[in-house]
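Novice: here's my sequence, what's the structure:
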Amino acid sequence: MATPAPEQPPPGQEAKKLHFVIVGGSLGGLAAGIALTALGHDATILERNAAPVLQDQGAGIVAGGDTLAFFARYDRTGRPLAVRSARRQYLDRRGAVVHAVDVAQSMTSWDLAYHLLRANFDGLASAYCPAPPAPAPPGRGRATHLHDRRVTRFEEEAGGGVRAFWRTAAGAEGSTLGDVLVGADGPSSTVRALLEPAVARTYAGYCALRGTLPEAAASAATRAALCERFTFFHGPGVQCLAYLIPGRAGAVEPGRRLINFVCYANFPAGSPELARVLTGRDGRRRQVTMPPGMTDPGAWEEQRAWARAALPPPLAEVVCGAERPFVQAVTDVLSPRNEYLGGKVVLLGDALAGFRPHTVASTSQAAFDAMLYADYVAGRVSRDEWIRQTLGFARYIQRRGVDMGERSQHQDLPLEEYIRDRDVASTPREQEVFPDWATAI
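Specialist: Numbering: from 1, shown residues only. Okay, the predicted model is just below:
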């Protein structure tokens, strides 16, 4: 049950060393752990996945201003994070450019971002970062990463702090005590579900078809059309976009990069088409994400046929050439609050608000939330400022994503309308003016 937070000094502003227990070891949890240990506090990440390292996702990320700011502030690896796109362009069905604007944007991959964050948090060595920095240099707190810890519940301790109870895949049970519990466990957050059981993650009626094609495997015509470009196509009930991202082991050199695509296509809830695209080669029906390598070949062949019939030739080539495509159901979720139990439990990133991917803001939200929460813990911003900025961003961008998705997938608008939507979504966060309804506490 949600408990109103009393007006009192928050944990962390009394200048003592704290232990933060972070539920979720993906980008948001790692970002929070890095920011908090940089202040000298200890952080323990509880990641539910049974493997010690999360599987590569093969997904592209538009590295917005807050993502770049986070790495500028905290990254100690010194390796490149992103490749640059010089132009945003729109194609017609024949593949001709019908609108273009020169604007620089940075693009990265989930895989590279994850491994760089792990290198910074707990010193994980990988092909992406073979020689990571020391995880706990002088002045930093202790960083602990525990996998195979599925949190099932938590309790406020009578003597202070919060205890998170977990279970392993083998059935072993245990608990971890911390001063503050941070829910950074994604749109299907267990922490949020325990606090706000009435808040449900809901399907939006369409899916994102995703994947990559090695730059070197694309035809010369497709490379000329898409490389160093952020490319869009809109048609009735469909939006498709593509951009370059770092390649294997985070390679950013021309010829070694990947062309990343995202295509939004409508699959009505409960329809046989939705069931087919979310049922893997193992016969298992997924609810939200069909991971790379598990897509049923027959189901994906249907999507290839759709791409050839519906998309401009360069985008169709990339979709049809993807070797490890995956599918994500587009969903909505938003928590009414980000702070509970007097600040002893907080929600960050996707656990607070799951954005539709049209916003290209989920990773930026994780980075922003981690930086601002660390500033709050350090006493650099007030509680009201932290809450208003975090909730303002969450509520405003979440609603923007819903509006963009509904217009893209369910309204047949002039291209100029979709261009305007994208231009607005590209506004830097610090230039946004959040309305009163978004920042209300």
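Novice: what are the ranges of the strands in the stretch 101-250 of the chain?
Specialist: 143-146, 150-156, 162-167, 173-178, 180-183, 202-214, 229-235, 238-245 (DSSP state E, counting those that start in this stretch).
Novice: Leu274 is nearest to which of those strands?
Specialist: Ranking the strands of the stretch 101-250 of the chain by proximity to Leu274 (C-beta to C-beta) places strand 202-214 first, at 7.4 Å. From N, CA and C alone the C-beta is placed, and that goes for glycine too.
Novice: mind listing what Gly293 touches?
Specialist: Contact partners of Gly293, counting by C-beta atoms under 8 Å, 6 or more residues apart in numbering, are Arg324, Phe326.
Novice: and it, how far from Asp56?
Specialist: 10 Å (C-beta to C-beta, to the nearest Å).
Novice: rewinding a little: quick check: which of the strands of the stretch 101-250 of the chain is buried the most?
Specialist: Counting by mean count of other C-beta atoms under 10 Å, strand 180-183 has the highest mean neighbour count of the strands of the stretch 101-250 of the chain, with a mean of 28.
Novice: so which elements touch it?
Specialist: If you count contacts as 3 or more C-beta pairs under 8 Å, 6 or more residues apart in numbering; DSSP states H and E, strand 180-183 packs onto strand 19-23, strand 162-167, helix 190-195, strand 345-347.
Novice: nearest to Thr289, out of those?
Specialist: helix 190-195 (16.6 Å).
Novice: so what touches that closest one?
Specialist: Taking C-beta under 8 Å, 6+ apart as the rule, helix 190-195 contacts 1-2, 23, 150-154, 181, 183, 185, 199, 333, 335, 340, 345, 347, 351-352.
Novice: pLDDT on the top helix by length along the chain, on average?
Specialist: Longest helix in the chain by number of residues (criterion: DSSP state H): helix 383-410. Per-residue pLDDT values across helix 383-410 average out to 97.
Novice: Phe165 and Ser335: what is the separation?
Specialist: Taking C-beta to C-beta, one finds Phe165 at 21 Å from Ser335.
Novice: repeat for Asp282
Specialist: 33 Å.
Novice: okay, now the unreliable bits of the stretch 201-350 of the chain?
Specialist: Across the stretch 201-350 of the chain, nothing is flagged by pLDDT under 70.
Novice: OK, contacts around the closest residue to His234 other than its chain neighbours?
Specialist: Sequence neighbours aside, Tyr418 is the residue nearest to His234 in space, at 4.9 Å (criterion: C-beta to C-beta, 6 or more residues apart in numbering). Tyr418 sits next to Tyr90, Phe232, His234, Gln239, Arg407, Ser408 when contact means C-beta under 8 Å, 6+ apart.
Novice: could I get the helix or strand containing Tyr418 in CSV with only the CA atoms?
Specialist: Using DSSP states H and E, Tyr418 sits in helix 415-425. C-alpha atoms of helix 415-425 as CSV (Å, rounded to 0.1, in the frame of the first residue of the first chain):
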residue,chain,number,x,y,z
LEU,A,415,3.7,14.1,-43.0
GLU,A,416,4.2,17.6,-41.7
GLU,A,417,2.3,16.6,-38.5
TYR,A,418,4.7,13.6,-37.9
ILE,A,419,7.7,15.8,-38.6
ARG,A,420,6.4,18.3,-36.0
ASP,A,421,5.9,15.5,-33.5
ARG,A,422,9.5,14.4,-34.0
ASP,A,423,10.9,17.9,-33.7
VAL,A,424,9.0,18.5,-30.5
ALA,A,425,10.2,15.2,-29.1
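Novice: pull out the buried positions in that helix.
Specialist: Buried residues in helix 415-425, counting neighbours by 16 or more other C-beta atoms under 10 Å, are found at Tyr418, Ile419, Asp421, Arg422, Ala425.
Novice: closest one of these to Ala38?
Specialist: Ala425 (30.1 Å).
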